[in-house]
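Colleague: just coords:
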């Protein structure tokens, strides 16, 4: 072998050894490279320092522009100032300044330049380093699969520096570098994805932690992915909270469904139907408390429509159910009150009317007759007046019990109010059977009533009408039985009378009373008394109720219970009511002008007066004429009035409310007591009937009724006032239940207008003599 050949072999071997060392060192760097930037820089340095090449440069494809190679690393032996030279290479045309690199990218394989050329990059390198240039160059594409990652370019000082074996080793180095870059990028993407996932989970965790209800995000395999703080309280004691736990592992066996329907698993139901599922179950908390939860599970979808997971929230509805149960109990109680008399627990007028209609319908179908009996206890008022209402109520309860025992199971007995009872007898064969029932009632009620060591005797007058013979309507049947009952009283009481058409002639007693009432209206025998209303806490006067009184010049004081029904029947109630309203308004205005602190004056409105077409206009006219601010007027109507012509009632009440008049339901709890109508009426006050107040400290039923009415009023933002308060014990109990207003004998009975000044608090008094207003006689205006 010639010396020259030996020299070439020596050089080739030397290059190959350097290439092997370079490949080894580069492989170690690729294995331990922490970042892409660090790896590229180390490879460039190794290629120059270990491989002996003059310059190493690596460009990586731009993420947004694949035809642009962005310089990622370079190393030039002996010239640090070359770091200032940044060369990005565009490979989209042969006119590029670096055709070597461009060709390697285009061809997808290595490109060798055996003899150096002149381009702008090499000129910049020589100018900064003082280097004379390079003799040869090699460009190696960096690829991973079908993806072009970039180019590795090497520059050697010698000509023909890159032989075939060296190129193969350097190609392996380029391949290893490509895998290293791809691996680092994959790791970076995984790290970024994990960081994004962690950030998303932290965000979701913060979101569900802000939810008050126990909330979980659950995978399709029922693995708990997320749960909020409330869930840890919700889960039973000893529940496993390890990461990745499944629902059945953490849900305690103390969870029990509320009924058979609730036994379904909401998670499986969502997976089966793809729809939100709600169930209710009971749960025992770690502290032993029992709570009721409503579980709501909803699907979470992937973009492709597949089920990603389930979000489940457990809402604690224990308190809500308790409130609903209380409201239902109160409504049931009010519904019961709406249809029953609270004193005797007999059906009341409303229920009686419904049963009478039903009985008449059955009688039409079966062609049988029914009998209606109206009973009135004779002179029962004497018991109340002499022995008190408490003993009178005991007698009424005993009367109700005896009447029940006199009747068959299918018959009906009801109390209409006061001492008036009614009985419906169905499928009666003849008058003899009806008479037998009436005689049995008279006999049983005629026995002594033993009440508080008293032997009391009560007789009864009974009027009887028959369907279909005496009337075709319930109203007619009732009217005729009532007429027969009055005839029984005229015949000496303690007997029964069947209705006859000739009974419709007015009784002399009724005619005389009507005549006297008309004379009383024209002769100023009528006057208004006022009963004060007080705030129970402060004992301050807050209102006055106007009550009509009749002082007959011969008979003396005549009870409103006697002449008001007669005024209703004859139509005299309309002018009488207008006189009462105007008198009360004039008097209230006069008190204000005398310097008394203004208080609201309450006036009772009758059914016939309320149904007058011009009722609202009359009220408005009286207010305008008297100058009384509508704010100081309160109109009271009963529940039975309110429920007649329901929609018309709403319109009338709304018109009054718009004009500033306050509205109250009188004797609340003795009529319909329905939330359905009450919430639609613009009512500002409920008045608890005195029948519930009288025994409120002794009768738990009366206390429960009063409590329900108070709670109902407060929940609907209404004032509640109790009537008939006679003792401090009653007042204290009512105040403790939340009733803040009352009237009754504890404070004062109704008094004449000139005595009202004793109740007032003065505001800048001008005249200590109250001025009493006397209006022209009723019916003459």
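Modeller: Looks like it came in fine. Nothing here was measured: the structure is a model prediction, and the numbers come from that model.

Colleague: relative to residue 221, how far out is residue 208?
Modeller: Relative to residue 221, residue 208 is positioned 20 Å away (C-beta to C-beta, to the nearest Å). Where C-beta positions appear, they are placed from N, C-alpha and C, glycine not excepted.

Colleague: okay, those two: which has more neighbours?
Modeller: residue 208 (21 against 9; other C-beta atoms under 10 Å).

Colleague: spatially nearest residue to that one, not counting backbone neighbours?
Modeller: residue 228 (4.2 Å; C-beta to C-beta, 6 or more residues apart in numbering).

Colleague: what about the one you found, how many neighbours?
Modeller: 23.

Colleague: which residues does it contact?
Modeller: Neighbour list for residue 228: 205, 208, 209, 211, 214, 215, 216 [criterion: C-beta atoms under 8 Å, 6 or more residues apart in numbering].

Colleague: how about it, phi and psi?
Modeller: Note on residue 228: its backbone torsions stand at phi -90, psi 180 [degrees, to the nearest 10].

Colleague: what's the mean pLDDT across the strand or helix carrying residue 617?
Modeller: When elements are assigned from DSSP states H and E, residue 617 belongs to helix 615-626. Averaging pLDDT along helix 615-626 yields 95.

Colleague: in that helix, which residues are buried?
Modeller: By 16 or more other C-beta atoms under 10 Å, the buried positions in helix 615-626 come out as 615, 616, 618, 619, 620, 622, 623, 626.

Colleague: for it, packing partners?
Modeller: The contact analysis (3 or more C-beta pairs under 8 Å, 6 or more residues apart in numbering; DSSP states H and E) places helix 615-626 against helix 573-593, strand 633-638, helix 646-658.

Colleague: mean neighbour count, distance to residue 536 and mean pLDDT added to those, as a markdown table?
Modeller: Output for those, formatted as a markdown table (neighbours: other C-beta atoms under 10 Å; distance: least, C-beta to C-beta, whole Å; pLDDT from 0 to 100):
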| stretch | mean neighbour count | distance to residue 536 | mean pLDDT |
| --- | --- | --- | --- |
| helix 573-593 | 21 | 23 | 94 |
| strand 633-638 | 22 | 18 | 93 |
| helix 646-658 | 15 | 26 | 90 |
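
Colleague: so where do the helices sit in the stretch 251-400 of the chain?
Modeller: Here the stretch 251-400 of the chain has its helices, by DSSP state H, counting those that start in this stretch, at 266-273, 318-339, 349-366, 380-387, 389-406.

Colleague: to residue 494, which of the ones you listed lies closest?
Modeller: Shortest distance between residue 494 and those, using C-beta to C-beta, is found for helix 380-387: 12.7 Å.

Colleague: hmm, who's touching the closest one?
Modeller: By C-beta under 8 Å, 6+ apart, helix 380-387 touches 391, 392, 395, 418, 419, 454, 456, 458.

Colleague: and the least confident of the residues you listed?
Modeller: Within those, lowest confidence goes to residue 454 (78).

Colleague: that residue: neighbour count?
Modeller: For residue 454, the neighbour count with other C-beta under 10 Å is 13.

Colleague: ok, it - contacts?
Modeller: Going by C-beta under 8 Å, 6+ apart, residue 454 touches 387, 391.

Colleague: got the phi/psi numbers for it?
Modeller: Residue torsions, per degrees, to the nearest 10, at residue 454 are phi -110, psi 140.

Colleague: and stretch 458-465, what's buried?
Modeller: Residues 458, 460, 461, 462, 463, 464, 465 are the ones in stretch 458-465 that count as buried (16+ other C-beta under 10 Å).

Colleague: I'd like the average pLDDT over stretch 277-286.
Modeller: The pLDDT scores in stretch 277-286 average 80.

Colleague: which one among the buried residues of stretch 458-465 gets closest to residue 484?
Modeller: Of all these, residue 484 sits closest to residue 463, with 3.1 Å by C-beta to C-beta.

Colleague: now the helix holding residue 617 against helix 646-658, angle please.
Modeller: 20 degrees (axes from the mean of the first three to the mean of the last three C-alpha atoms, to 10 degrees).

Colleague: in PyMOL, how would I select the buried members of the contacts of helix 380-387?
Modeller: Applied in PyMOL, the following selects the buried portion of the contacts of helix 380-387 according to 16+ other C-beta under 10 Å:
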select buried, resi 391+392+395+419+456+458
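
Colleague: pull the most distant pair out of the contacts of helix 380-387.
Modeller: Longest span within the contacts of helix 380-387, C-beta to C-beta: 418 and 454, 20.5 Å.

Colleague: in a helix, residue 698, correct?
Modeller: No - under the criterion used here (DSSP: H, G, I helix; E, B strand; the rest coil), residue 698 is coil, not part of a helix.

Colleague: and it, how far from residue 344?
Modeller: For residue 698, the distance to residue 344 - C-beta to C-beta - is 17 Å.

Colleague: more neighbours: which of those two?
Modeller: The residue with more neighbours, out of residue 698 and residue 344, is residue 344; 21 against 10, by other C-beta under 10 Å.

Colleague: and the contacts of the helix holding residue 617?
Modeller: Contacts for helix 615-626 (C-beta under 8 Å, 6+ apart): 578, 581-582, 585-586, 589, 609, 612, 629-630, 633, 635, 652, 655-656, 659, 661.

Colleague: if we can go back for a sec, and the helices and strands packed on helix 615-626: which comes nearest residue 276?
Modeller: helix 646-658 (38.8 Å).

Colleague: tell me what that closest one is packed against?
Modeller: Applying 3+ C-beta pairs under 8 Å, 6+ apart, we find helix 646-658 packed against helix 615-626, helix 639-643, strand 662-668.

Colleague: pipe those into TSV and attach distance to residue 495 per row.
Modeller: Formatted as TSV, the helices and strands packed on helix 646-658 follow (distance: least, C-beta to C-beta, whole Å):
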stretch	distance to residue 495
helix 615-626	42
helix 639-643	31
strand 662-668	32
